[in-house]
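Enquirer: Turn this into a structure:
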Amino acid sequence: MPRPCLPILLLLAACAGHQPPPSTDAAFAGVQARGAVVMGVSQATSRHVFEDLPDGGRILYVMVDAGDTAGAAMIRQHLAHIAERFAAGDFSDPARVHAMAVPGTEVMAARRERIRYAMQERPGGGEVRITTTDPEALVAVREFLAFQRSDHRAPGSESAPAMDPDHARHHPGTR
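Expert: Predicted coordinates:
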């Protein structure tokens, strides 16, 4: 029986402890790619937070490197645009990013007169504050934010869409 040569054994030993980087599913890769086009900033160099608040919520979007002034300016431009479009009942940007009608947006569009959107600059980017006193609109805003947290794998989503019971419904065949 032939013996393995030493270089092959050394190579196998060197690779034994190596773990490949975690893979991303096709749906998340698509969100990342489409998000970079729609938002103008690489999703790998920026971070989203979708936070529920008692009277609505907020979308915080910042560059990982707060010193990236060009990226921060692009984020601010995007957030100002979505605040204006959302107030008009236009949720086409999230639909393009997620390649589907985003949960909550149909009600948010129908009840747009009862929801306020205010963009504020933050270091490295900005935020859109969403407020409402309308109970039905509030439920829709929270549904929208929960979906965004999950699909962007943002803080609060546990970074695992498979843990979100609605993820499979929104993206069949991507688990």
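
Enquirer: how near is the residue most central in space within the chain to residue 35?
Expert: For the chain, the residue nearest the mean C-alpha position is residue 152 (2.7 Å; C-alpha atoms, centre = their mean). Between residue 152 and residue 35 the computed distance is 8 Å (C-beta to C-beta, to the nearest Å). Where C-beta positions appear, they are placed from N, C-alpha and C, glycine not excepted.

Enquirer: Which neighbours do these two have in common?
Expert: Shared contacts of residue 152 and residue 35 (C-beta atoms under 8 Å, 6 or more residues apart in numbering): residue 43.

Enquirer: what about the strands in the chain?
Expert: For the chain, the strands defined by DSSP state E cover 46-53, 56-63, 115-122, 125-132.

Enquirer: Now render those strands as JSON lines, adding mean pLDDT.
Expert: Shown next, in JSON lines, are those (pLDDT from 0 to 100):
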{"stretch": "strand 46-53", "mean pLDDT": "93"}
{"stretch": "strand 56-63", "mean pLDDT": "95"}
{"stretch": "strand 115-122", "mean pLDDT": "97"}
{"stretch": "strand 125-132", "mean pLDDT": "97"}
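
Enquirer: Mean neighbour count and distance to residue 77 added to the ones you listed, as CSV?
Expert: Shown next, in CSV, are the strands of the chain (neighbours: other C-beta atoms under 10 Å; distance: least, C-beta to C-beta, whole Å):
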stretch, mean neighbour count, distance to residue 77
strand 46-53, 18, 13
strand 56-63, 22, 11
strand 115-122, 17, 10
strand 125-132, 21, 9
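
Enquirer: The residue nearest to the centre of the chain reaches residue 31, doesn't it?
Expert: Yes. Using C-beta atoms under 8 Å, residue 152 is in contact with residue 31, at 6.5 Å.

Enquirer: residues bridging contact with the two, i.e. touching both?
Expert: Common neighbours of residue 152 and residue 31, counting by C-beta under 8 Å, 6+ apart, are residue 43.

Enquirer: circling back: residue 156: which of the strands of the chain is closest?
Expert: strand 46-53 (7.1 Å; C-beta to C-beta).
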